[in-house]
Structure formats: structure tokens, C-alpha cells
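Trainee: Sequence first, then the predicted structure:
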Amino acid sequence: MKYSIYTVIFLSLLCFSCDQIVFEDDLESSNAQENFDYLWTECAERYTFFDLKDIDWEAVRVKYQAQITEGMDEVELFSVLANMLNELKDGHVNLISNFNISFFPFDQIGQDNFDFRIIEDQYLPVNYFVSGPFRHDFIADGQIGYIRYGSFTGTVAEKNIGFILERYKDTQGLILDLRENGGGAVSDVYAILRRFIKEETIVAQSRIKSGPGKNDFTPLEDAVITPTSGVSYDKKVMVLVDRGTYSAGSFFSLATKEIPNLVLVGDYTGGGLGAPNGGELPNGWEYRFSITQTLDLNGNNYENGVPPDIEAFIDWEDRTKDEVIERALLELL
Amino acid sequence: MKKINLVFFILLIGFSLVAQDRNKVSELEENTSEEVRRYRELGGIGFGLISFRDLATSPLIYRGPALGLKLGKTQLFANKEYKSAINFSIGGAFSSVGEESSTGIVASTDISYSRLYNLKSLAFKGWDTKIGGAIDILFINRFNADLRNNSVGFEFFPTLFGSFKVGKDFSRHLLFRKKIGPRKQHFSVRIDVGLLNSNFRNGYAYTAHAPFYNGSNLFENHQFNVFSGIRFRSTIDYILYHTNTKNAIKISYTWDGVRSGENPDRFALSNGIGAFSFLYRLDSKKEPLLRSIFNRKNK
């Protein structure tokens, strides 16, 4: 009888004691060195632009390792890790804690090239239209439609973009203003661009990290846009961009290069063509950095900014006009 | 990889053929068996603790309460038992380090079919012993907004289990209901050990790539890994039979642990659910459930 009881007790205990086998070591840690090593290694194995940006990540390790000390507090550790990440010069790189979020100011590389107040004061009527994420109305005596799109919200739909293109179908051209558009949902890029093409169009190529080596990537995948069956627009569209046009905004800008009636006007975009991941450190802080590459059809990587077709900059001495819009109007009228 | 897949399928087909063969033998034995019982496990509900860690996104272990739901069918013969089951659980899991905390939701759906056969040579002191196997697929969904583009995770784990079970029927008065006579009860402990472990899970970069290039295959970078990881499941069941209907109630505790291999990054999940279920005897020669309740009220 004893034998049977012991056997059953033993088997029962097995039911409650196996978490250790499954999870092995608990990796949670507030230790500065462990968190530094974890973050550095994650970037080393997964970040995608070391070669393009000519970054010696091993040298970066040596530089910031020297700043890790045993008694450092979490604010000091955050500062070291954030500075290390900013060596990547990438707006898609952040370190996030309860008390601070690090960022790289990609939009401050070039001059400020946008102020919506000038457009409201000098170009748009007082009660301009707001359709979903778009603010828009006629400008230049009703000859041009101006559309401000400030963020890729993921809410572009037939009811707003369809309405807008129907409203401006008799204009001589459109201005689509993406300046200081920091990006968002890539799905909006496709939802908008499909209104400006007549046939299926490959606009870019994309690949993602497939291993820890610097050049371990999946094969390139074509980014294909199919034309809409709804309202479309086939006249000239001037797409206004600046250094604040980032991520999905840059991807949109890159795609315009393959669509003949779309022209990029303004400054270089901020870049950010690599999609970011998301993860946590052993101390619970979060991070993200780029893990894909997007190339044009010739294999060029514009991670540092998509060049405009026509350069134009605002003259801040004169706030009665927006020189970028003026340059676009010159092309359209 | 193709070779590994081939081996997997050969083993799977081999297992099913052996299982079918055993079934023929058992059917002959069924004719002479004293008792054949079939139960449907209805509306089993339970609570427990779910824990997971996905090293592709975080080194932290998330733990939290889980709700479990069970459905199944069990066929008990004198010398064997078949069981098919669907177990679903969903839990809110948390990680906390110092002032930093994060919340995730994890849901698992486990579909399994098993066959166990009596092993008389291992029977002892009234305990019967069964061995056999199970085919099982565990689907896991995870959501954690803090992980941004990695906020959604999906993986599944097909497993071929080797199974071992000891159980004992006994008849005893219930603690506070001695007037109604002894009730038939059953206690068992079952261990399932993954013999062929595989998984389908995110690739190296983890993030779904397709949305960025307007692709439709969200699992494009997922990988199917065979002979990868471990899986272990243990179950304690206590069954109390109704005297007249032979229907039963079951109180069970199931601990299910799974861990993928290290390539590309290790995922681990454990799920312990204590549950209460009603076992409805499908082939009862006694009164069916509803009639028995109705009759009892009229008495």
C-alpha cells in the first residue's frame, strides 16, 4: 500500500513542479552590465543599417562599456544606453522607460520647412474641409486642390479619399502636403497611391533580417500596388516633403518615383525606410530599432532620406507665402 | 528540412497505423469486456495560472491568472480508453521589474486525441496502469501592445506524446453524505511526455514583414521546426459517479508545459488549470441526465 501511495504522490508532485524545466533561468535583472550587454547584442544581431551608415558597432560597445559602473542609478544607465542607441542615427530607434523616452531628432538635420499656420492664413479658406485624416480645399482661384495629410493614421477609406478626389476631379492638379508627416500605418500608403495609378505598379522592394550576420536578409520582396476600382486621379500631383517626412512618409515618397504623375517637391525626407521591431530589456525597459530594409527598384537604399525631384525651401523672413507650395503651383499652372 | 518533414510524416503515419491495428484487437476484446462507458465532458470550466516567455521579444516571464474551458469525449473500456479533447484557456499575464510593468494577453487552444491501453504487468494494489500515446496541437496567441510591431504573436506546437496513466476505482461514503451510501469514485494521475516535438513559429526577426510590402501572407517568415523543444503535461483527475445515471462530475488539475528549441529564439509557456467538469454518459442504460433530474424533483 505504501508503494502505491508514494508513487501517486510522486506523480502528483510532478504536476506542480515543472515550471523550472520549461523556463530554465529567470533572466529578469536590473544589473546595468547585463542590460547593456543584452541591448548591445540585440542590436548587433538584428539592426539593418550598420554598413549603410558606416557604423562600427564594436567600437560603440567599447566607448559606452567604459561608462557602465557598478553603482550607477537607472537614470545614468538610461542615459548611457540611449546615447549608445543614438549612434545609430535612426528615428526608428527608441529606448522607453517609465521616466524617459530616448529619440533621435531626424527632423532637425535639415531646416524647418513647414508651418501650417502660413497655409491657413495665406492659402486656405477659413472653413476648409476636414475629411477623416485629410484637411483640404481649393487654392489658386479654384484651379488646384490642396490636401494636407499630417499622419498615416490607418483610417484612409473610400468615404474620405474618394470624396476628396471626386471634389477636385476638375482641377488642374493636386498638392498633397506630407511635410512633417512622421509616418504611421503603411497600409495608408497603398490606400492612397492606388488612386494615382492605372495599372499594377511595383514601387519598391523590401527585405527583413534572417540571421545574426550583417548581411543575413530574406530575398527582396516586391511592393506592389494595384489600381483602385473607386475614384482615381490621373493629373499631376505635387507631393510636398521635408526632413520631417518620415517612415511611412518616406516610403510614400520613394514610391512616387515609380508613378509618373507624382512629383516630389521640397527637401529630402527624414528617411526611416526600415520598419522597427519591439522588445524588452531584462529590467523591463522597452526598445525598438529597424529590422527591415526598403530599396528602390535599382537597389538604392534611401534610409537617410529620399531626395526630392524639385528642391524648395521656405524663406522664414517672409511669412506671407510658402515657397514650397509656390514652387509646386509653378509646376501645375 | 524536407528530410525532417518526411521523417515526421512517416512516423505520424506509422503511429496511426499501429493505433488502428491496436483498435482491431481491442474491438475483439470489447465483446468480452464487462463495461463500455462513453462520456462527453461538457462545459468544463476552471481557473489557474498561465506563464510564458518569448525570448524573441523579451527575456521576462509573464505570469497571470487564466480561465480554462474544456470539451471532450472519453470512451472507457475494460482494457483501454480513448479520449479526444479541446481545451481553451485565456489569461492576462504580467511582468514587473522594479517600477516597470507590462501586460500581455495569451490564449491557448489545445486539440488532442489519445489512446491508452491497460498494462496488466504494471498493475499494483488495485491501481490499474495504462500506457499509450496522443496526437496534440497546441495553438498559442499572444498580444502585448508594449512590444509595438511585435505586439502580436502566433505559434502552434504539434506534438506526439507518449502517455502513462495510473488510476484507481474505489467506492466510499462521501464525507458529509453518509446516509446515501457509498459512491463510486475514480482517481488517476496521467503523464504525457512529448516524444516528437515540433513547432511553427516566427522567424529570426520575429516581426511580420508582409504588411510593409503590401503582401498578404502574414506567416511568410514563420518557420516549421521539427524535433525542436520539449513538451510535458500532467493531469490529476478525480471523478465522482452518480449512483443511478452513471453520469459524473470531474475535478481535475492539468499542467501543460511547452518549450521550443533555441532556433531562432526560445519560447516557453506553462499553463496550470484546475477545472470542474460534468461528464455526461453517452451510452447510459440508466436514465439520461435531464430525465433523472426531472424524476428526482418529482419524488
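Mentor: Now that the structure is in, tell me what you want to look at.

Trainee: per-residue pLDDT, the most centrally placed residue in chain A?
Mentor: Per C-alpha atoms, centre = their mean, the C-alpha nearest to the average position across chain A is that of residue A:247, at 2.3 Å. Residue A:247 is assigned 97 on the pLDDT scale.

Trainee: which residue ranges form the strands in the stretch 151-300 of chain A?
Mentor: Remark: strands assigned in the stretch 151-300 of chain A by DSSP state E, counting those that start in this stretch are A:173-177, A:201-208, A:221-225, A:237-241, A:262-266, A:279-280, A:286-288, A:292-295.

Trainee: Return the most buried member of those.
Mentor: Of these, the one with the most neighbours on average (mean count of other C-beta atoms under 10 Å in any protein chain shown) is strand A:237-241, at a mean of 28. Bear in mind the C-beta positions are built from the backbone N, C-alpha and C, glycine included.

Trainee: Give me the pLDDT value at residue 257.
Mentor: Picked chain A for this. Looking at residue A:257, the pLDDT reads 98.

Trainee: I was thinking of chain B, sorry if that wasn't clear
Mentor: Residue B:257 carries a pLDDT value of 96.

Trainee: next one: the one 5 residues further on
Mentor: Residue B:262 is assigned a predicted lDDT (pLDDT) of 87.

Trainee: just to revisit the earlier point, export the strands of the stretch 151-300 of chain A as a markdown table, with columns for distance to chain B and mean pLDDT.
Mentor: Listed next are the strands of the stretch 151-300 of chain A as a markdown table, based on distance: least, C-beta to the nearest C-beta, whole Å; pLDDT from 0 to 100:
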| stretch | distance to chain B | mean pLDDT |
| --- | --- | --- |
| strand A:173-177 | 19 | 98 |
| strand A:201-208 | 4 | 98 |
| strand A:221-225 | 4 | 97 |
| strand A:237-241 | 19 | 98 |
| strand A:262-266 | 17 | 98 |
| strand A:279-280 | 4 | 98 |
| strand A:286-288 | 6 | 98 |
| strand A:292-295 | 6 | 97 |
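
Trainee: of the ones you listed, which approaches residue B:196 most closely?
Mentor: strand A:201-208 (29.9 Å; C-beta to C-beta).

Trainee: what's in contact with the closest one?
Mentor: The contact list for strand A:201-208, computed with C-beta atoms under 8 Å, 6 or more residues apart in numbering or on different chains, reads A:193, A:217-225, A:251, A:254-255, A:257-259, A:275, A:291-297, A:299, B:205, B:207, B:209, B:212-213, B:221.

Trainee: in its sheet, what does it sit against?
Mentor: When pairing is defined by DSSP bridges, strand A:201-208 lines up against strand A:221-225 (antiparallel), strand A:292-295 (antiparallel).

Trainee: At which residues are the helices of the stretch 151-300 of chain A located?
Mentor: If you assign secondary structure with DSSP state H, counting those that start in this stretch, the helices in the stretch 151-300 of chain A sit at A:163-167, A:186-193, A:248-256.

Trainee: Could you export the last one as CSV, CA atoms only?
Mentor: The C-alpha coordinates for helix A:248-256 follow below in CSV (Å, rounded to 0.1, in the frame of the first residue of the first chain):
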residue,chain,number,x,y,z
ALA,A,248,5.7,55.6,-44.0
GLY,A,249,6.0,59.2,-45.3
SER,A,250,9.4,58.3,-46.7
PHE,A,251,8.1,55.1,-48.1
PHE,A,252,5.3,57.0,-49.8
SER,A,253,7.9,59.4,-51.2
LEU,A,254,10.1,56.6,-52.5
ALA,A,255,7.0,55.1,-54.2
THR,A,256,6.3,58.3,-56.1
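
Trainee: Packing partners of it?
Mentor: Packing partners of helix A:248-256 (3 or more C-beta pairs under 8 Å, 6 or more residues apart in numbering or on different chains; DSSP states H and E): helix A:186-193, strand A:201-208, strand A:237-241, strand A:262-266.

Trainee: just the first one next, same as before
Mentor: With contacts defined as 3+ C-beta pairs under 8 Å, 6+ apart, the secondary structure elements packing on helix A:163-167 are strand A:129-131, strand A:134-139, strand A:144-149.

Trainee: now do 10 Å
Mentor: Judged by 3 or more C-beta pairs under 10 Å, 6 or more residues apart in numbering or on different chains; DSSP states H and E, the packing partners of helix A:163-167 are strand A:129-131, strand A:134-139, strand A:144-149, strand A:173-177.

Trainee: Just the angle for the second one relative to strand A:144-149, thanks.
Mentor: In this structure, strand A:134-139 runs at an angle of 160 degrees to strand A:144-149, with axes from the mean of the first three to the mean of the last three C-alpha atoms, to 10 degrees as the basis.

Trainee: can you give me the offset of strand A:134-139 from its chain's centre?
Mentor: 25 Å (C-alpha atoms, centre = their mean, to the nearest Å).
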